[in-house]
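Enquirer: Kindly generate the corresponding structure for this input.
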Amino acid sequence: MSFTIGEKIRMTVEGASHSESINVKLENLPAGVAINMEDVLAFLKRRQGGNAVYTTARKEKDEPIILGGLADGKLTGQTLSAKFMNENARSKDYGKMRTIPRPSHADYVAYVKYGGKLDMAGGGFFSGRMTLPMCFAGAVCMQILKERGIGIQAHIRSVGGIEDLPFDPVSDKKDVLADHTLPVVSAEAGDRMTKLMEETSRDLDSVGGCIECKVTGLPAGIGDPIYTSVESVLSYGMFGIPAIKGIEFGEGFGVCSDYGSKSNDGFCIEDGKVRTVTNNSGGIQGGITNGMPLIFRVAVKPTPSIYKPQRSVDLETMEECELRIEGRHDSCIVPRVVPCVEAMTALMLTDMIESDDEQKRKR
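Expert: Residues are numbered from 1 along each chain as shown. Predicted coordinates:
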């Protein structure tokens, strides 16, 4: 089974968590753009597991085997295709879950929709491992955007009830992250998050959080009104990341208790350019970028695979039962989702910008 996203820049992914490989194709990329594969590999390492006690012990190489579309370090204009081998799968850990669904996982709905015929080992194609080809595509698109002066940066805004400092919503400069193992602005907040995630792992539980993303260098005028607004397109992409349960742009739900006199972004002239004094809109008005930094946040749910006993049902006997999950799982997926958010942002923005350019050429 394959899945495709994008209008002009189209990404298709194939495979599953425990299949022989996971494949990815990227269509209609601009020819001639140099791609630094060392930077791509470094980006992919940010989403790897096995690097801390609160992440899955499953360790894969996550190195792309390029099948086409790249020659002498540059995009050829043909479909960029690659595959990633799955070499450290343990399907036996998921035997009982063929008929006993894990709470808050896709097991039950997949059983209903596909008649119990899917191999759900490791989560099948619902698995977070399917973010690997997305991160590869995003890492390539980030280099395309970099040539246009556009930068994408995300950090952990919160884990549990522990909050990091926010990004500067007005500055076009890249925010400085702390010298920490986690992508955070405040090292002190990062230390507290690490402690919480480690404690949660020892308690055989999981914890969720929030990720904030900022895009700088975007010109005004990207996007379209109504159904293909920047918010619509980015939201569509974000919900393709497993575990994302919500999204807000700018002040988001914070404006619910505000007055217009406070939440409106007044205009000003700065260095000969039209800007806004505040950025409660998150860099988007009427579904179109206004030239300010694009700011949004996504909610990441706690990993549903926990080692505590949980209530479930046996779909063969139709009786209630207790489920104890085995396997290798993250007690907090938030740190590994940060590069996924950056990658999907890059993919969707590249698609929007290339589509806008094509529309302009037709006018």
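Enquirer: hey, where'd the strands end up in the stretch 151-300 of the chain?
Expert: Assigned by DSSP state E, counting those that start in this stretch, the strands in the stretch 151-300 of the chain fall at 151-159, 162-163, 209-216, 244-249, 267-270, 273-276, 284-285, 288-289, 294-300.
Enquirer: Determine the longest helix present in the protein.
Expert: If you go by DSSP state H, the chain has its longest helix at helix 334-362.
Enquirer: what's the spacing between that one and its chain's center?
Expert: Remark: helix 334-362 is offset 12 Å from the chain centroid, using CA atoms, centre = their mean, to the nearest Å.
Enquirer: Mind listing what's buried along that helix?
Expert: By 16 or more other CB atoms under 10 Å, the buried positions in helix 334-362 come out as 334-356. (C-beta placed from N, C-alpha, C; glycine too.)
Enquirer: mean confidence for it?
Expert: Helix 334-362 comes out with an average pLDDT of 93.
Enquirer: name the helices or strands packed onto it?
Expert: helix 37-45, helix 131-146, strand 151-159, strand 209-216, helix 230-238, strand 294-300 (3 or more CB pairs under 8 Å, 6 or more residues apart in numbering; DSSP states H and E).
Enquirer: Could you pull up the residues touching Pro225?
Expert: By CB atoms under 8 Å, 6 or more residues apart in numbering, the contact list for Pro225 reads 286-288.
Enquirer: circling back to that earlier point, nearest to Glu270, of the helices and strands packed on helix 334-362?
Expert: Closest approach to Glu270 among these is made by strand 209-216 (14.6 Å; CB to CB).
Enquirer: Can you list the strands that that closest one pairs with?
Expert: strand 151-159 (antiparallel), strand 294-300 (antiparallel) (DSSP bridges).
Enquirer: quick one: the first one to helix 334-362, angle?
Expert: Okay, so that is strand 151-159. 150 degrees (axes from the mean of the first three to the mean of the last three CA atoms, to 10 degrees).
Enquirer: contacting residues around strand 151-159?
Expert: Outside strand 151-159, the residues that touch it by CB under 8 Å, 6+ apart are 142, 145, 163-164, 166-167, 174-175, 177, 182-185, 190, 193, 196-197, 207-217, 297, 332, 334-335, 338-339, 341-342, 345-346, 349.
Enquirer: do that again at 6 Å, thanks
Expert: Outside strand 151-159, the residues that touch it by CB atoms under 6 Å, 6 or more residues apart in numbering are 164, 174, 182-184, 193, 209-217, 297, 334, 338, 341-342, 345-346.
Enquirer: What separation do you get for the residue lying farthest from the centre of the chain and Ile284?
Expert: Here the centre of the chain is the reference, and by CA atoms, centre = their mean the most remote residue is Thr317, at 37.8 Å. To Ile284, Thr317 is 51 Å away according to CB to CB, to the nearest Å.
Enquirer: need the helices and strands packed on helix 334-362 in a markdown table with mean pLDDT and distance to Met85, can you?
Expert: Formatted as a markdown table, those follow (pLDDT from 0 to 100; distance: least, CB to CB, whole Å):
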| stretch | mean pLDDT | distance to Met85 |
| --- | --- | --- |
| helix 37-45 | 96 | 13 |
| helix 131-146 | 96 | 11 |
| strand 151-159 | 98 | 28 |
| strand 209-216 | 98 | 28 |
| helix 230-238 | 98 | 26 |
| strand 294-300 | 98 | 27 |
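Enquirer: on that earlier part again, buried ones among the contacts of strand 151-159?
Expert: Taking 16+ other CB under 10 Å as the criterion, what is buried in those is 164, 182-184, 193, 209-217, 297, 334, 338, 341-342, 345-346.
Enquirer: Sounds good, over and out.
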